[in-house]
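Peer 1: Pasted the sequence and its predicted model underneath.
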Amino acid sequence: MSELATLRQVLKENRAIAVVGLSADWNRPSYFAAKYMQERGYRIIPVNPKYPEILGEKCYPDLKSIPEKVDIVDVFRKPEDCAPIAREAVAIGAKVFWMQLGVINEEARHIAEAAGLTVIEDRCVKIEYARLFGGLNFMGVNTGIVSSRRPL
């Protein structure tokens with residue numbers, strides 16, 4: 001399966017996203033991405049021991065504390081923090097281990113892939129969703145679609 005097809009399948013079939021390192025600060029990339037996905041119907045589960053709640057959702061100190069099914073583990077942490085998070089993602093039965101833009105960790109990738117998880121590195125869930133399902137024009141990003149017709 002192509003990388004594009006994999007991204008499309010991951011975002012179509014998985015609705016519960018545990019965001020590790022989600023910040024409560026509205027101007028942080030993790031907050032913006034999680035809010036964007038939440039507004040598109042995804043279940044956002046914040047994982048950050050610093051906060052009791054983010055985006056109206058109970059915040060958990062780690063993945064093991066989440067009492068519900070998690071499809072995607074979306075990591076907003078430094079690359080060197082990813083291997084233990086990958087082990088937790090495997091332990092909770094997640095389907096996808098997603099490392100955000102600038103986050104690449106070979107050990108974490110191997111841990112997750114060996115357990116059968118789909119691994120996505122160095123990509124933003126918000127950007128990929130917008131690119132694949134429409135919405136890159138949000139906040140002025142050019143979609144590359146040229147038309148003389150006004151949007152309805």
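Peer 2: Good, I have the coordinates.
Peer 1: Let me see the mean pLDDT of the helix or strand hosting Trp98.
Peer 2: For Trp98, the element it lies in under DSSP states H and E is strand 96-99. Across strand 96-99, the average pLDDT comes to 98.
Peer 1: What ranges does the protein have for its helices?
Peer 2: Remark: helices assigned in the chain by DSSP state H are 3-13, 29-38, 82-91, 106-114, 125-133.
Peer 1: who wins for proximity to Ile54 among those helices?
Peer 2: For Ile54, the closest of the helices of the chain is helix 29-38, at 7.4 Å, according to C-beta to C-beta. All C-beta atoms are positioned from the backbone trio N, CA, C, and that covers glycine.
Peer 1: Other residues contacting that closest one?
Peer 2: With C-beta atoms under 8 Å, 6 or more residues apart in numbering as the test, helix 29-38 has contacts from 17, 19, 21-26, 44, 46, 54-55, 74, 76, 100-101, 124-126, 129-130, 138.
Peer 1: Give the buried residues for it.
Peer 2: The neighbour-count check on helix 29-38 (16 or more other C-beta atoms under 10 Å) flags Ser30, Tyr31, Phe32, Ala33, Ala34, Lys35, Tyr36, Met37, Gln38 as buried.
Peer 1: Closest to Ala86 out of those?
Peer 2: Among the buried residues of helix 29-38, and counting by C-beta to C-beta, the member closest to Ala86 is Ser30, at 18.0 Å.
Peer 1: Not counting residues beside it along the chain, what's closest to that closest one?
Peer 2: Distances taken as C-beta to C-beta, 6 or more residues apart in numbering place Phe76 nearest to Ser30, at 4.0 Å, with adjacent residues excluded.
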